[in-house]
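**Q** pasting the sequence and the predicted model now:
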Amino acid sequence: MKQILSISDSIEGTEYDIKSKVRTFKKYGVEPFVCVGEYVDSEGNSERIDISESLKFCFESGTADAIAIGLLRNPEDIAIVSRMLEESEHNVVIAQPTLIDDKGDVLVSNEAYEAVTDKLLQHVQFMAVNMLEAELFSGMEIKDKDMCREAAAKIFEKFNCLVFIKGTAVTDNEDLLFAGAATEWMEPIGQPFSESTERSFLSSVACELASDKSIIEAVECARRFYVGADQNPVIKPAVNEDLDFPSVEHEEPEAKEELPKLEPTPSLISPAKSLRDIAHQLDAQPAKEEPSKTVTSAIGNPAPKGTVSEIKQPEPKKVRQPEESISELQSLREKLKKISEM
């Protein structure tokens, strides 16, 4: 039986619910190893879990046919996962970082974003993102299909991984799979490619890759499964040994550091609503300096592209103090500009 290792937080009643992944694995008939760093129930109550021991058990129990990494909001968890991938032999690693949702709300802290870009993505061979995340990772605003392809190329070169970008109206709702010289535009399926609490797109891709499918076939089949067009997927027994993924070199660490201690983190941290706005401004001409504004992602509707959302009074338990938000915003702006110039 095929084995898939799934690593992510779980938020009950949303598309990030671990149940959607388990249901997907059950449909495919694979054996899942599931590591969850934080559970959030429907009332917003959060429970942190030390994932280091469960990850160690999973890696020592055998080599999973694929590893799927979803939403991880704690930077220490991201560091632990990255270190385990660096120190262990493993098969293909795919990820859906889930930094910004389709509404434009940021789901992670600046520290988690930096841990993903600086530590995790160097171990990933395939990454699935939405259009807003593609803008953030590429540092450019996407206005049409050509710009979407250009953004995918930048992400491919920066992180050395294949890129899947979920389409929107600017791409005629076509999804893009970018693999260097190969570019595959995927036409919309009859059903809407929307959020689902019953199925997991990333888990489906992992299951498809554990069979003998190519990356293009795997993504296409996962798209159909996710929208409900394929209710009874069948995983084949053979494993494709020739997947055309960018190579990843594993180096022995100079010194094995002690794993970071876990500290409780607030549920659904969203201090960085301006990440999208910063990414939009990276390729823009220099503008006159304006006084810094405190921003928050606790909004009902996303702001127009290239603008900062309307200011709302932050809830004390969910966001940082204004001075800290402004400081982090300025710091992140500088880091993203440096990235775009590399």
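**A** Received it, and whenever you're ready, just let me know what you need. Numbers count the residues shown, from 1 in each chain.
**Q** state the distance from residue 202 to residue 123.
**A** 15 Å (Cβ to Cβ, to the nearest Å). Heads up, the C-betas are built off the backbone N, CA and C, glycines and all.
**Q** neighbour count for those two, which is higher?
**A** More crowded of residue 202 and residue 123, by other Cβ atoms under 10 Å: residue 202, with 26 against 20.
**Q** what sits against that one?
**A** 68, 70, 94-96, 128 (Cβ atoms under 8 Å, 6 or more residues apart in numbering).
**Q** just among these, which is most surrounded?
**A** Compared across the contacts of residue 202, residue 68 has the highest neighbour count, 30 neighbours, by other Cβ under 10 Å.
**Q** surely it is in contact with residue 6?
**A** Yes: taking Cβ atoms under 8 Å as the contact criterion, residue 68 and residue 6 are neighbours in contact, 5.0 Å apart.
**Q** ok, then the element right after the host helix or strand of residue 32?
**A** According to DSSP states H and E, residue 32 maps onto strand 31-35. The C-terminal neighbour of strand 31-35 among helices and strands, as given by DSSP H and E, is strand 38-40.
**Q** tell me what that next one is packed against?
**A** Packing partners of strand 38-40 (3 or more Cβ pairs under 8 Å, 6 or more residues apart in numbering; DSSP states H and E): strand 10-11, strand 46-48.
**Q** what's around the nearest residue to residue 98 once chain neighbours are set aside, how many residues?
**A** Leaving aside its sequence neighbours, residue 98 sits nearest to residue 71 (Cβ to Cβ, 6 or more residues apart in numbering; 4.0 Å). Neighbourhood size, residue 71 [other Cβ under 10 Å]: 23.
**Q** follow-up on the earlier one: okay, buried residues for the strand holding residue 32 please.
**A** 32-35 (16 or more other Cβ atoms under 10 Å).
**Q** which one of these is nearest residue 106?
**A** Ranked by distance to residue 106 (Cβ to Cβ), the buried residues of strand 31-35 are led by residue 35 at 23.6 Å.
**Q** the stretch 51-200 of the chain: helices as residue ranges?
**A** Here the stretch 51-200 of the chain has its helices, by DSSP state H, counting those that start in this stretch, at 52-61, 75-87, 110-115, 131-138, 145-159.
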